[in-house]
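1. structure of the sequence below:
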Amino acid sequence: MDEALALRKKGILAPILVLGASRPESAALAAEHGISVTVFDVAWLEKAKDLLKPGQVLQIHVKVDSGMGRIGVRDKGQLMKVESLLKRKLVSISKGYSLISRLRMK
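-> Take a look at the predicted model:
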């Protein structure tokens, strides 16, 4: 997040995505500066949404664990929770990604 904010302070207006983990406490700051963050855990997203200021929308990219067992949303139930937050317009999904081309949700 620090690097993304530094780019914004230098006047960079292009889309910025923080690929690594960030703290939920940074969600409002990311939304304020138009910085997209990676969501890899539903609990992270639920905490982050509670920290957004009224009217803020957090741009997210959803990391899906497609079987490597590292990080990412791991099953259909978790993905449906992310979807429910989208319906409440608290977050806006920009993209989703995974490291393997074939994705099978449990």
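
2. count the residues that sit near the closest residue to residue 78 other than its chain neighbours.
-> Nearest residue to residue 78 in three dimensions, chain neighbours excluded: residue 42, at 4.7 Å (C-beta to C-beta, 6 or more residues apart in numbering). Using the backbone N, CA and C atoms, a C-beta is placed for each residue, glycine as well. Other residues near residue 42 come to 20 when the count uses other C-beta atoms under 10 Å.

3. can you give me the buried ones in the helix or strand hosting residue 81?
-> Under the criterion of DSSP states H and E, residue 81 resides in helix 76-87. Neighbour-count burial for helix 76-87, counted by 16 or more other C-beta atoms under 10 Å, picks out 78-79, 82, 85.

4. can you lay out those residues as a markdown table showing pLDDT and distance to residue 31?
-> Formatted as a markdown table, these follow (pLDDT from 0 to 100; distance: C-beta to C-beta, whole Å):
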| residue | pLDDT | distance to residue 31 |
| --- | --- | --- |
| 78 | 87 | 22 |
| 79 | 85 | 22 |
| 82 | 83 | 16 |
| 85 | 77 | 13 |
